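In: Sequence first, then the predicted structure, then my questions.
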Amino acid sequence: MEREHFSSRLGFILITAACSIGLGNVWRFPYITGKYGGASFVLLYVAFLIVVSMPIVVMEFAVGRGSQRSSAMSFDVLEPKGTKWHWYKYMAITGNYLLMMFYTVITGWLLWYFVQMTKGRFQGLSTEEVSGVFGGLLEQPVTMTVYMVIAVALSFGVCALGLRKGVERVTKIMMLCLFSLLIVLAVKAVLLPGAETGLRYYLVPDFGKMKEIGLGECIFAAMGQAFFTLSLGIGALSVYGSRIDKTSSLTENALYMGVLDTLVALLSGLIIFPACFSFGVQPDSGPNLLFVTLPNIFNAMGGGRIWGSLFFLFMCFAALTTVIAVIENIITYFMDLTGCSRKKAAIGNFVGILVLSLPCIFGFNIWKGFQPLGPGTNVLDLEDFILSENILPLGSLVFLLFCTCRYGWGWKNFYEEACAGKGLAYPKFVRGYVTYVLPLIVLVVLISGYLS
């Protein structure tokens, strides 16, 4: 069966960006930035994005394009005879499933918040009552399940149409809407009274504040955010590398993807920080920022119901593009592994992901007594820990070693694939760095996740 490819390079760039653009950019990035010093943290984050994340992105793309397979078979095709790199395929698909087990639930929350915001549910509520709305949602497994099912059904519906007619076409539209809403909301936020204080905090570096917090802690946080924002190590990017031709440089494509991902994160900060400082709210309020703090800000804002609806619509687009991209990876994995049709792979995994998403929902209500990582933790925390602190760094280490080690695919094969096509070539002088230094950095990220 002939492999379906993207109709355009733009489609490839937008969909790979969609895979990485999500809650990590517009939810985690602002509150992590607020917690670790504002503009000075942003500079660290961008630096680590360039030197840590981008080399691994190119490697994932290269493994996909070189093998013309997803992670289900890519290592089987490229590995030297007798080696066992292909065992990684099982960890890769586990990582994709784990991500969907809680990401679909959070996407359902966003859909629910969008509906409630358009209905005016939050108007006239006190701060405590707004907080109570989110707490009330977590106590309703049926409501959460319904919205999770809607999110999963929408995503599988898009993927079932195929790569070009479904995933590529719909993602292009959603990404256009996402960027349009992002710009509109950012303009609105920077024009709020008192927004200049937030802009100064976000855009003017203050390394003294970083020293107060602890330079080492800030460095590890920036490294972690740069590492995890691009969903590295689970083959989610290599599957799209397998669907792009050799006319353009993978290094240049990775650069465009990284720029879009960073642009969304930075623009999200232009929404969050001016709004928080304008209404006297601390921007480092953690996960509550999205579901408690921001609805309170929209309550106090003129036309807040409209702006709040637009914001949560934007959040829905950000989350759904990631869900669609990862589900397409899962479907392709099973098509490559078993040779089954897209329809069969979609139906089987649709049912599977619905069932696998239920423990996360039940962890907030029916199973709330189960606190796997200590008091106050839940099933979502466990799933996120296994994925973010284990599978992502370990998977990235596999890609790194496979592309640089002579017992794997090797530097020569990787470099030729990365540089094939017109555009920016992979810098040859970084060979020593990606072979010896970068694996150590990834190990540090892995260890620091456990220490924190």
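Out: Structure received.

In: quick one: contacts for the nearest residue to M148 once chain neighbours are set aside?
Out: Nearest non-adjacent residue to M148, counting by C-beta to C-beta, 6 or more residues apart in numbering: G108, 3.9 Å away. For every residue, glycine as well, the C-beta is placed using N, CA and C. G108 sits next to 144, 146-151 when contact means C-beta atoms under 8 Å, 6 or more residues apart in numbering.

In: For L23, see how far away G108 is.
Out: In this view, G108 and L23 are 13 Å apart by C-beta to C-beta, to the nearest Å.

In: What's the first helix or strand after the strand or helix carrying the residue nearest to M148?
Out: Using DSSP states H and E, G108 sits in helix 88-118. As assigned by DSSP H and E, the chain's next helix or strand after helix 88-118 is helix 127-138.

In: Restrict that following helix to CA atoms and write it as PDB.
Out: What follows is helix 127-138, C-alpha atoms only, in PDB (Å, rounded to 0.1, in the frame of the first residue of the first chain):
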ATOM      1  CA  THR A 127     -13.800  34.300  43.300                       C
ATOM      2  CA  GLU A 128     -14.700  31.400  45.600                       C
ATOM      3  CA  GLU A 129     -17.700  30.500  43.500                       C
ATOM      4  CA  VAL A 130     -15.600  30.500  40.300                       C
ATOM      5  CA  SER A 131     -13.200  28.100  42.100                       C
ATOM      6  CA  GLY A 132     -16.200  26.000  43.100                       C
ATOM      7  CA  VAL A 133     -17.300  25.700  39.500                       C
ATOM      8  CA  PHE A 134     -14.100  23.800  38.600                       C
ATOM      9  CA  GLY A 135     -14.300  21.800  41.800                       C
ATOM     10  CA  GLY A 136     -17.800  20.900  40.900                       C
ATOM     11  CA  LEU A 137     -16.900  19.700  37.500                       C
ATOM     12  CA  LEU A 138     -14.200  17.400  38.900                       C
END
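
In: ok, residues contacting whichever helix or strand comes after it?
Out: The first helix or strand that comes after helix 127-138 along the chain, using DSSP H and E, is helix 141-160. Identification of contacts with helix 141-160 by C-beta under 8 Å, 6+ apart yields 104-105, 107-109, 111-112, 137-138, 166-167, 170-171, 319-320, 323-324, 327-328, 331, 342-343, 346, 349-350, 353-354, 357-358, 361-362, 364-366.

In: Could you tell me how far helix 141-160 lies from the centre of the chain?
Out: 18 Å (C-alpha atoms, centre = their mean, to the nearest Å).

In: I'd like to check the angle between it and helix 88-118, please.
Out: 120 degrees (axes from the mean of the first three to the mean of the last three C-alpha atoms, to 10 degrees).

In: Could you tell me the angle between whichever helix or strand comes after helix 141-160 and helix 141-160?
Out: As assigned by DSSP H and E, the chain's next helix or strand after helix 141-160 is helix 169-190. Here helix 169-190 runs at an angle of 120 degrees relative to helix 141-160 (the same axes, to 10 degrees).

In: Which other helices and strands does helix 169-190 contact?
Out: When contacts are defined as 3 or more C-beta pairs under 8 Å, 6 or more residues apart in numbering; DSSP states H and E, helix 169-190 packs onto helix 9-20, helix 250-278, helix 304-338.

In: Turn these into JSON lines, columns for distance to L161, mean neighbour count and mean pLDDT.
Out: Shown next, in JSON lines, are the helices and strands packed on helix 169-190 (distance: least, C-beta to C-beta, whole Å; neighbours: other C-beta atoms under 10 Å; pLDDT from 0 to 100):
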{"stretch": "helix 9-20", "distance to L161": "14", "mean neighbour count": "24", "mean pLDDT": "71"}
{"stretch": "helix 250-278", "distance to L161": "23", "mean neighbour count": "23", "mean pLDDT": "85"}
{"stretch": "helix 304-338", "distance to L161": "11", "mean neighbour count": "23", "mean pLDDT": "88"}
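
In: C177: which of those helices is closest?
Out: Among these, the nearest to C177 by C-beta to C-beta is helix 304-338 (5.5 Å).

In: Check the offset of the closest one from the chain's centre.
Out: 10 Å.

In: now it and helix 88-118, what's the angle there?
Out: 160 degrees.

In: Enumerate the positions of the following helix or strand past helix 304-338 that are buried.
Out: Using DSSP H and E, the helix or strand that follows helix 304-338 in sequence is helix 342-362. Applying a neighbour-count criterion of 16 or more other C-beta atoms under 10 Å, the buried positions in helix 342-362 are 342, 345-346, 349-350, 353-354, 356-362.

In: now for helix 342-362, which elements pack on it?
Out: Using 3+ C-beta pairs under 8 Å, 6+ apart, helix 342-362 is in contact with helix 88-118, helix 141-160, helix 304-338, helix 379-386.

In: on that earlier part again, export the helices and strands packed on helix 169-190 to TSV and tack on distance to Q225?
Out: Below are the helices and strands packed on helix 169-190 laid out as TSV (distance: least, C-beta to C-beta, whole Å):
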stretch	distance to Q225
helix 9-20	12
helix 250-278	9
helix 304-338	16
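
In: what residue ranges in the chain score low on pLDDT?
Out: Filtered on pLDDT under 70, the chain yields the residue ranges 1-8, 17-20, 27, 283-288, 452.

In: what about the residue nearest to M148, distance to L98?
Out: 17 Å.

In: Likewise for K119?
Out: 33 Å.

In: So these two - more neighbours on which side?
Out: L98 (22 against 11; other C-beta atoms under 10 Å).

In: Leaving out sequence neighbours, find the closest residue to that one.
Out: L98 sits nearest to L387 (C-beta to C-beta, 6+ apart), 4.4 Å away.

In: wait, doesn't the one you found sit right on M100?
Out: No - contact between L387 and M100 fails when scored by C-beta atoms under 8 Å: they sit 10.2 Å apart.
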